[in-house]
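Undergrad: have a look at this prediction, sequence included:
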Amino acid sequence: MELGKSDDYTGEQRDRFIQGLKDLLQDFRAKKTRDFDTIANGIIEFRARFLGDKSKILPLDGVTL
């Protein structure tokens, strides 16, 4: 759940994040992907691409991992 949160973004950036996440999940749905690890890794990769930094995955109280 934490990986899909859009609370850290505002305006256009938030809209792009939500749309990108929707597209990713629709792709998984179309491929009938049900494996939790595959979906979680897809979301992690999406967040890394969206942020432009593979080291930033989860925001943790002012620290981003």
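TA: Received the coordinates, thanks.
Undergrad: am I right that Thr33 is in a strand?
TA: No - with DSSP: H, G, I helix; E, B strand; the rest coil as the criterion, Thr33 is located in coil rather than a strand.
Undergrad: Gln26 versus the residue lying farthest from the centre of the chain, what's the distance?
TA: Residue farthest from the centre of the chain, counting by Cα atoms, centre = their mean, is Lys32 at 18.8 Å. Between Lys32 and Gln26 the distance is 12 Å, computed by Cβ to Cβ, to the nearest Å. Just so you know, the C-beta spots here come from the backbone N, C-alpha and C atoms, and that holds for glycine as well.
Undergrad: how many residues are close by Asp35?
TA: Neighbours of Asp35 under the rule other Cβ atoms under 10 Å: 10.
Undergrad: got the phi and psi for it?
TA: As for Asp35, its main-chain torsions (degrees, to the nearest 10) stand at phi -70, psi 120.
Undergrad: now stretch 24-32 - C-alpha only, PDB.
TA: The C-alpha coordinates for stretch 24-32 follow below in PDB (Å, rounded to 0.1, in the frame of the first residue of the first chain):
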ATOM      1  CA  LEU A  24       0.900  -0.300 -14.800                       C
ATOM      2  CA  LEU A  25      -1.900  -2.100 -12.800                       C
ATOM      3  CA  GLN A  26      -4.100  -2.300 -16.000                       C
ATOM      4  CA  ASP A  27      -1.100  -3.900 -17.800                       C
ATOM      5  CA  PHE A  28      -0.800  -6.500 -15.000                       C
ATOM      6  CA  ARG A  29      -4.600  -7.100 -15.100                       C
ATOM      7  CA  ALA A  30      -4.500  -7.500 -18.900                       C
ATOM      8  CA  LYS A  31      -1.700 -10.100 -18.600                       C
ATOM      9  CA  LYS A  32      -3.600 -11.800 -15.700                       C
END
